[in-house]
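**Q** Give me a 3D structure for the following:
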Amino acid sequence: MKFVVLSALAATLSLSAGLSQAADGKEIYNQSCAMCHAAGLANAPKLGDKAAWEPRAKAGKDALVQSALKGKGAMPAKGGNPKLTDEQIGVAVDFMLASVK
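**A** Residues are numbered from 1 along each chain as shown. So this is what the prediction gives:
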């Protein structure tokens with residue numbers, strides 16, 4: 001019985017962490033990414049634009065995270081927010097990729 005309760009608790013905590021991560025991705029996007037990605041400034045792929053994201057998604061999440069961390073083209077490193085951690089960049093990338101699935 002204890003195992004079942006502990007398993008259910010672990011599953012609930014895992015689900016909560018996933019939901020929190022999605023919310024964090026949206027918040028990070030809104031604070032640091034939306035300025036360019038909402039309007040497509042400097043050819044930034046717009047959130048939800050499948051055609052623009054398709055070739056980037058094919059490169060894989062790791063490549064996108066590295067581009068965001070280091071900067072690429074007109075995009076500054078970490079989207080211009082040096083306080084973002086590597087993990088936060090990854091969560092924001094996940095959020096943007098989820099918008100085109």
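**Q** residue ranges of the helices in the protein, please?
**A** 2-28, 34-37, 50-59, 61-70, 86-98 (DSSP state H).
**Q** Mean pLDDT lowest where, among the ones you listed?
**A** Comparing mean pLDDT across those, the weakest is helix 2-28, with a mean of 54.
**Q** How about L69, nearest residue that isn't a chain neighbour?
**A** Leaving out its chain neighbours, the residue that sits closest to L69 by C-beta to C-beta, 6 or more residues apart in numbering is I89, at 5.6 Å. Where C-beta positions appear, they are placed from N, C-alpha and C, glycine not excepted.
**Q** count of residues packed around the one you found?
**A** Using other C-beta atoms under 10 Å, the number of residues around I89 comes to 23.
**Q** residue contacts, the closest residue to L64 other than its chain neighbours?
**A** Computed as C-beta to C-beta, 6+ apart, the closest residue to L64 that is not its neighbour in sequence is V93, at 5.0 Å. Applying C-beta atoms under 8 Å, 6 or more residues apart in numbering to V93 gives the contacts 61, 64-65, 68.
**Q** Pull out the buried residues from these.
**A** Buried members of the contacts of V93, scored by 16 or more other C-beta atoms under 10 Å, are 64-65, 68.
**Q** out of those residues, who's nearest N30?
**A** Nearest to N30 among these: A68, at 15.5 Å, using C-beta to C-beta.
**Q** wait, that closest one sits on G80?
**A** No - look at A68 against G80 with C-beta atoms under 8 Å: they stay out of range, at 10.7 Å.
**Q** any common contacting residues for these two?
**A** Common contact partners of A68 and G80 (C-beta under 8 Å, 6+ apart): none.
**Q** My guess is M35 contacts A42. True?
**A** No - if you go by C-beta under 8 Å, M35 and A42 don't touch, sitting 10.4 Å apart.
**Q** Please say which of the two ends up with more neighbours.
**A** Set side by side, M35 and A42 show more neighbours around M35, with 13 against 9, by other C-beta under 10 Å.
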